[in-house]
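Engineer: build the 3D model from these lines:
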Amino acid sequence: MYRVTREIHFCYGHRLLNYDGKCRHLHGHNGRAVITLETAELDSLGMVVDFSKLKRVIGTWIDEALDHKMLLHKDDPALAMLRQQGEPVFVMDVNPTAENIARLIYENTLKQGFPVVEVKLWETESCFATYTGPR
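Structural biologist: Have a look, this model is predicted:
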């Protein structure tokens with residue numbers, strides 16, 4: 001099996017609902033998505049996928065959908081006020097934890113046709129969550 005990995009950096013804000021800790025408040029992160037692709041066969045150029053294609057497709061999606069946005073649960077009471085103020089938000093059906101954001105990026109990467117096997121989302125320099133998809 002062959003594997004390639006690409007890092008994509010972005011900034012986002014969020015808060016966690018029903019959480020008894022600091023993360024219940026609106027705050028931001030300098031995130032780092034580490035996307036790993038895997039395949040048994042290389043393409044005609046000898047690649048799993050061209051790194052620039054992964055950056056162009058997934059990096060563009062992250063830039064447009066997540067970068068410098070508030071990632072909020074659909075029931076977050078701050079959502080209406082932020083929208084009213086014209087603030088950029090990305091609404092999630094689940095709490096915007098690092099685990100759920102990693103899964104979101106994984107699912108979008110898979111939807112775009114990439115042979116993704118793992119996404120790590122570094123929320124801080126010392127904390128990350130990993131999603132590997134169903135086995």
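Engineer: Three-state assignment for the residue nearest the centre of the chain, please.
Structural biologist: Nearest to the geometric centre of the chain sits residue 105, at 3.9 Å (Cα atoms, centre = their mean). Using DSSP: H, G, I helix; E, B strand; the rest coil, the secondary structure recorded for residue 105 is helix.
Engineer: and it, what does it touch?
Structural biologist: Residue 105 makes contact with 33, 35, 58, 62, 119, 121, 131 under the criterion Cβ atoms under 8 Å, 6 or more residues apart in numbering. Where C-beta positions appear, they are placed from N, C-alpha and C, glycine not excepted.
Engineer: for residue 105, give its distance to residue 11.
Structural biologist: Residue 105 sits 15 Å away from residue 11, going by Cβ to Cβ, to the nearest Å.
Engineer: then residue 4?
Structural biologist: For residue 4, the distance to residue 11 equals 25 Å [Cβ to Cβ].
Engineer: do residue 58 as well
Structural biologist: 16 Å.
Engineer: mind listing the helices in this protein by residue range?
Structural biologist: 51-54, 60-65, 78-84, 98-111 (DSSP state H).
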